[in-house]
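**Student:** give the three-dimensional model of this entry:
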Amino acid sequence: MDNYEVNVLTRKGGWKKLPQEVIQKKDELELNNSDNLNINVTEDNFDSNNLDNSNSNLFENFTEINSIINKLKAVEKEKNDLISELNELMKSFEIRKNNLDKKLTNIQKEKEMYDKAINLITSLKNV
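**Tutor:** Residues are numbered from 1 along each chain as shown. Here you go, the predicted structure:
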């Protein structure tokens, strides 16, 4: 493998090609690294105690996440219950408002009839 390219995903979502050249000189490989690609590999030593602690922490984190999810579900259920209560109140208010609108319409008609009756009486008096 003399020449190869490395494709890197950019922050904008596109791909950028980073060319890498490998030159072989007398049984030694020499890498010409691009300034954009600098990878340091370190070796981690794991012992079983550290692994057990990380697993227990991981499971504790999952139980905490599960607890939070359950709390969110309870809050969502309570929110839905409150919304249904608000809907019931809104329905009763709309019914009351519609009844009052009908009463207002009837009162306005009755007022118009009284105005007409008064006008008729005053016109009869003038004749």
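**Student:** what about stretch 5-13, start to end distance?
**Tutor:** 18 Å (CA to CA, to the nearest Å).
**Student:** average pLDDT across that stretch?
**Tutor:** Stretch 5-13 carries an average pLDDT of 78.
**Student:** which stretches of this structure aren't confidently modelled?
**Tutor:** 1-4, 19-56 (pLDDT under 70).
**Student:** and the strands in the chain?
**Tutor:** For the chain, applying DSSP state E gives strands covering 3-9, 15-25, 28-32.
**Student:** pull out the buried positions in stretch 109-125.
**Tutor:** Buried residues in stretch 109-125, counted by 16 or more other CB atoms under 10 Å: none are found. Glycine gets a C-beta too; all of them are placed from N, C-alpha and C.
**Student:** restricting to C-alpha, output it in CSV.
**Tutor:** The C-alpha coordinates for stretch 109-125 follow below in CSV (Å, rounded to 0.1, in the frame of the first residue of the first chain):
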residue,chain,number,x,y,z
LYS,A,109,-85.4,41.1,21.0
GLU,A,110,-87.7,41.9,24.0
LYS,A,111,-86.1,45.3,24.3
GLU,A,112,-86.7,46.0,20.6
MET,A,113,-90.3,45.0,21.0
TYR,A,114,-90.7,47.4,24.0
ASP,A,115,-89.1,50.2,22.0
LYS,A,116,-91.5,49.6,19.1
ALA,A,117,-94.4,49.5,21.6
ILE,A,118,-93.3,52.8,23.2
ASN,A,119,-92.9,54.4,19.7
LEU,A,120,-96.4,53.1,18.7
ILE,A,121,-97.9,54.5,21.9
THR,A,122,-96.3,57.9,21.4
SER,A,123,-97.3,58.1,17.8
LEU,A,124,-100.9,57.2,18.8
LYS,A,125,-100.9,60.0,21.4
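**Student:** gap between the closest residue to residue 7 other than its chain neighbours and residue 90?
**Tutor:** Excluding the flanking residues, the one nearest residue 7 by CB to CB, 6 or more residues apart in numbering is residue 15, at 4.9 Å. From residue 15 over to residue 90 the distance is 54 Å, taken as CB to CB, to the nearest Å.
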